[in-house]
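K.L.:
My questions are about this predicted structure, shown below with the sequence.
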Amino acid sequence: MTQSQAATAPATSSGLSAGLTFVMAAACGLIAANLYYAQPLAGPIAAAIGLPVHATGLIVTLTQIGYGLGLLFLVPLGDLVENRRLILIMIGIVTLALIAAGLSSTPGPFLAASLAIGLGAVAVQMIVPFAAGLAPDYARGKVVGNVMSGLMIGIMMARPVASFLARYASWHAVFFLSTIVMVALGIVLATKLPRRPPMAKLGYLALLGSMGRLLATQPVLQRRAAYQAFQFSTFSLFWTVTPLYLASPAFGLTQTGIALFALAGVSGAIASPISGRLADRGLAKPATALGLISAFAAYLITHIAAEGTALALALLTLAAILVDFGVSMTLVTGQRAIYSLGGELRSRLNGLFMAIFFTGGAIGSAVGAWAYAEGGWGLASMIGMALPAAAFLFFLTEKGQR
């Protein structure tokens, strides 16, 4: 047995311990949160660094661009570079970028830091396939679900946490506190993660070239990425529009009220471990259907009560939970399916899957903002319902396929 085999043997032979699963789930949540801290703080940050009002959107957009580039050009390296080392390098990039963002007083350095935060945050999409590779086949869905629950909680908690911190300290404190968390996380992962040498023997350019062939030849990847692109589009539309809707005269909520509303949606992350266990039992298709129907029903129930009433607010809160539940359900079943296509392909498959559905999310945010400006919640919610409905119609064509 070689040294690298010996290093990985204990982790693989015994599966994945509950403790290590928790560490990886927490890591995903804490790293992913960096993508969303700046969203509720874009206005104050722009004013502080002298960024023109019309360019405020760059604060969020550049982070998303960095993340998208990382998905396509850095995540596939998980098939080529020893995984623990790669993850620690990415966390190092995030840490330096957070320090730069917190120290910035002019637009250029802050926007460059925003791009780098997105690039480094793709570490989460290296951790998830790493966890899937350590898990035995019979429990892979369970492990992916547990790790993804951490990621979803991190995404949903980031905005309210940033809002609360900025209210009682400053936006600088948000970035500096996350810097401390990243340093501590890097130390923990350096001691807890096993070594995982890559299986691919390709060069970097050949690795990137193989991704096009994978997308063209893997129908499971094509289908699952399409489902999730629709789902993440409706998710992004919902969370782009609802803060505007809740702050409007119809509800008149303060920023604190909107933050509490976002916290309620976190409970939808319970779908991640549930869907993983269902997939392990061969119930991925019913779980997928449930996820798509949940997202559709979320928008539908918001039209039951008169706008602005207490019942309407309660139903909108339930809709937030259902949207998060539905998206988490299809995300984990999708990852469980593509991770089964081959251990040596896992990072490339994950990069493609995430890049496609992340693109759907970006489109959903843009369409949602436009729809709300043009036709309020009525138009935005109609589009929100149409997206999972279209995915469900496509899902019905899967009948009879293996």
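P.N.:
Yep, that arrived. These numbers come from a predicted model, not from an experiment. Numbering: from 1, shown residues only.

K.L.:
just checking, what packs against the top helix by length along the chain?
P.N.:
Criterion DSSP state H: the longest helix present in the chain is helix 346-396. Packing contacts for helix 346-396, counted by 3 or more C-beta pairs under 8 Å, 6 or more residues apart in numbering; DSSP states H and E, involve helix 58-73, helix 124-134, helix 204-217, helix 219-247, helix 284-300, helix 310-339. The way it works is simple: take the backbone N, C-alpha and C, and place the C-beta from them, glycine included.

K.L.:
Quick one: closest of these to residue 141.
P.N.:
helix 310-339 (4.2 Å; C-beta to C-beta).

K.L.:
and the angle for the closest one with helix 219-247?
P.N.:
Counting by axes from the mean of the first three to the mean of the last three C-alpha atoms, to 10 degrees, helix 310-339 lies at 160 degrees to helix 219-247.

K.L.:
which helices and strands sit right next to helix 310-339?
P.N.:
Using 3+ C-beta pairs under 8 Å, 6+ apart, helix 310-339 sits against helix 124-134, helix 140-168, helix 219-247, helix 255-265, helix 271-280, helix 284-300, helix 346-396.

K.L.:
State the distance from residue 370 to residue 240.
P.N.:
10 Å (C-beta to C-beta, to the nearest Å).

K.L.:
higher neighbour count, the two?
P.N.:
A side-by-side neighbour count of residue 370 and residue 240, using other C-beta atoms under 10 Å, places residue 240 first with 20 against 13.

K.L.:
so the more buried one makes contact with residue 365?
P.N.:
Yes. With contact defined as C-beta atoms under 8 Å, residue 240 reaches residue 365; the gap is 4.6 Å.

K.L.:
who touches stretch 84-94?
P.N.:
Residues from elsewhere that reach stretch 84-94, judged by C-beta atoms under 8 Å, 6 or more residues apart in numbering: 31, 34, 74, 77-78, 116-117, 119-123, 126-127, 130, 182, 185-186, 189-190, 193-196.

K.L.:
One more pass at 7 Å, please.
P.N.:
By C-beta atoms under 7 Å, 6 or more residues apart in numbering, the surrounding residues in contact with stretch 84-94 are 31, 34, 77-78, 116-117, 119-123, 126-127, 182, 185-186, 189-190, 193, 195-196.

K.L.:
Measure how far that stretch is from the centre of its chain, please.
P.N.:
Counting by C-alpha atoms, centre = their mean, to the nearest Å, stretch 84-94 is centred 18 Å from the centre of its parent chain.

K.L.:
What residues of that stretch count as buried?
P.N.:
84, 86, 87, 88, 89, 90, 91, 93, 94 (16 or more other C-beta atoms under 10 Å).

K.L.:
do the same with stretch 203-213
P.N.:
Within stretch 203-213, the residues that count as buried by 16+ other C-beta under 10 Å are 207, 208, 210, 211.

K.L.:
quick one: which of these is nearest residue 151?
P.N.:
Taking the buried residues of stretch 203-213 together and measuring to residue 151 by C-beta to C-beta, the closest member is residue 211, at 22.3 Å.

K.L.:
correct me, but the closest one touches residue 347?
P.N.:
No. At 10.1 Å, residue 211 does not count as touching residue 347 under the criterion of C-beta atoms under 7 Å.

K.L.:
which residues do the two both contact?
P.N.:
residue 76.

K.L.:
Could you pull up phi and psi at residue 169?
P.N.:
phi -130, psi -110 (degrees, to the nearest 10).

K.L.:
What of residue 41?
P.N.:
According to degrees, to the nearest 10, residue 41 has phi -110, psi 10.

K.L.:
how far off helix 58-73 does the helix or strand hosting residue 110 point, in degrees?
P.N.:
Applying DSSP states H and E as the criterion places residue 110 in helix 107-120. Between helix 107-120 and helix 58-73, the angle comes out at 30 degrees (the same axes, to 10 degrees).

K.L.:
chain center to stretch 133-152, what's the gap?
P.N.:
15 Å.

K.L.:
what is the mean pLDDT for that stretch?
P.N.:
Across stretch 133-152, pLDDT averages out at 83.

K.L.:
ok, now stretch 349-365?
P.N.:
For stretch 349-365, the mean confidence score works out to 87.

K.L.:
Now do it: everything it contacts.
P.N.:
64, 67-68, 71-72, 75-76, 125, 128-129, 211, 214-215, 221, 224-225, 228-230, 232-237, 240, 334, 338, 341.

K.L.:
can you rerun that using 8 Å?
P.N.:
So stretch 349-365 is contacted by 64, 67-68, 71-72, 75-76, 78, 125, 128-129, 211, 214-215, 218, 221, 224-226, 228-237, 240, 331, 334-335, 338-339, 341-342, 387 (C-beta under 8 Å, 6+ apart).

K.L.:
ok, of these, which come out buried?
P.N.:
Buried among the contacts of stretch 349-365 (16+ other C-beta under 10 Å): 64, 67-68, 71-72, 75-76, 78, 125, 128-129, 211, 214-215, 218, 221, 224-226, 228-237, 240, 331, 334-335, 338-339, 387.

K.L.:
so where's the protein uncertain?
P.N.:
1-15, 200, 399-402 (pLDDT under 70).

K.L.:
Format the helices and strands packed on helix 310-339 as JSON lines; extra columns: distance to residue 52.
P.N.:
Formatted as JSON lines, those follow (distance: least, C-beta to C-beta, whole Å):
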{"stretch": "helix 124-134", "distance to residue 52": "32"}
{"stretch": "helix 140-168", "distance to residue 52": "21"}
{"stretch": "helix 219-247", "distance to residue 52": "21"}
{"stretch": "helix 255-265", "distance to residue 52": "23"}
{"stretch": "helix 271-280", "distance to residue 52": "40"}
{"stretch": "helix 284-300", "distance to residue 52": "34"}
{"stretch": "helix 346-396", "distance to residue 52": "18"}
